[in-house]
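Enquirer: Requesting a structural model of the entry that follows:
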Amino acid sequence: MAFEKPEAASADSPAPTAPEMRIITQPKVYLVGRQILDNAVIERFLSDEGVSWQTDTEVGAERLAEMAGRLCYMSFGKGRKTNADYLGNIIEVGHGSVLEHGVWNFIFTGVSRSFTHELVRHRAGFGYSQLSQRYVDESESDFVEPECIAADPALHAAWIEAVRQSHAAYCRLSDALFEKFAAVENKTLRRKMARQAARSVLPNATETKIFVTANARALRHFIELRCEEHAETEIRIVAAQVLRIMQAEAPNIFGDYRFVDLPDGTQAADTDHRKV
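Expert: Numbering: from 1, shown residues only. The predicted structure follows:
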């Protein structure tokens, strides 16, 4: 559903009062960063220690996890020969600390504030940078509608009306507060003061964007808690997207998970190696 979009406002003017509104029903997950190893320094370390080591994976995080595990026992060049065998044993015995050395960076978009309220509870092994409602004009924000509401015309209508009213209130408040703080000469501060107060009426359905950095062990914990049948639907959908990406990215670390179809059309994930 959309409203008529007005002419763009100038940089010094308050937010427009009749913006376009777009409804989002599916989140997006972007893998934007991964580790690159310094092979020359690794070879220098091996040479200094008088050992040799080769592995068969080109995935930085998989190589780092194996290197960390071998360092614990100075078992370079000994024992299991493939990275898959080595990390498979690590996962089997639950030596999960070595997985903390592999780190990835993601951007999540098309997610709600409800989602990020739950996501940021994952602290150990995670880092976050989220879109700021104090600085970003939410008069042109999108909104995330749960599928169970979108699929029912009566529920959808009720949801639309509630979001419309909250959105309109935000726009009116933002305009009025911008004028209320007219004595503030710094226009950036003036806009921030207006938006930080006006945002109090925005619903949890407001779409947001968040940059997420996490290590392999933390991601496994996140997947086991959130890609689970009883997890909230939106975060389960995101967790499933993350798992699919990571199974392609680092199969020796995430390949033990299997997907399970759920009655609502989403999927959960299971593994025989929980809490690694």
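Enquirer: how near is G50 to F76?
Expert: 10 Å (C-beta to C-beta, to the nearest Å). Every C-beta, even on glycine, is put in place using the N, C-alpha and C of the backbone.
Enquirer: ugh, wrong one, I meant V136
Expert: In terms of C-beta to C-beta, V136 sits 49 Å off from F76.
Enquirer: who has more neighbours, the two?
Expert: The neighbour count for V136 versus F76, taken as other C-beta atoms under 10 Å, is higher for F76 (19 against 14).
Enquirer: Using the three-state scheme, assign that one.
Expert: Under DSSP: H, G, I helix; E, B strand; the rest coil, F76 falls in the coil class.
Enquirer: which residues does it contact?
Expert: Counting by C-beta atoms under 8 Å, 6 or more residues apart in numbering, F76 touches 46, 49, 51-53, 70.
Enquirer: Any buried residues in stretch 64-75, and which?
Expert: 64-70 (16 or more other C-beta atoms under 10 Å).
Enquirer: from these, which ones fall inside helices?
Expert: 64-70 (DSSP state H).
Enquirer: Mind naming the longest helix for the protein?
Expert: The chain, longest helix under DSSP H: helix 153-180.
Enquirer: can you pull the buried residues of that one?
Expert: For helix 153-180, by 16+ other C-beta under 10 Å, it's 159-160, 163, 166-168, 170-171, 173-175, 177-178.
Enquirer: Give the helix, strand or coil label for the nearest residue to E232 once chain neighbours are set aside.
Expert: In this structure, E232 finds its nearest non-sequential neighbour in E118, 6.4 Å apart by C-beta to C-beta, 6 or more residues apart in numbering. Recorded secondary structure, E118: helix (three-state DSSP).
Enquirer: can you pull the contacts of E118?
Expert: 226, 232, 235.
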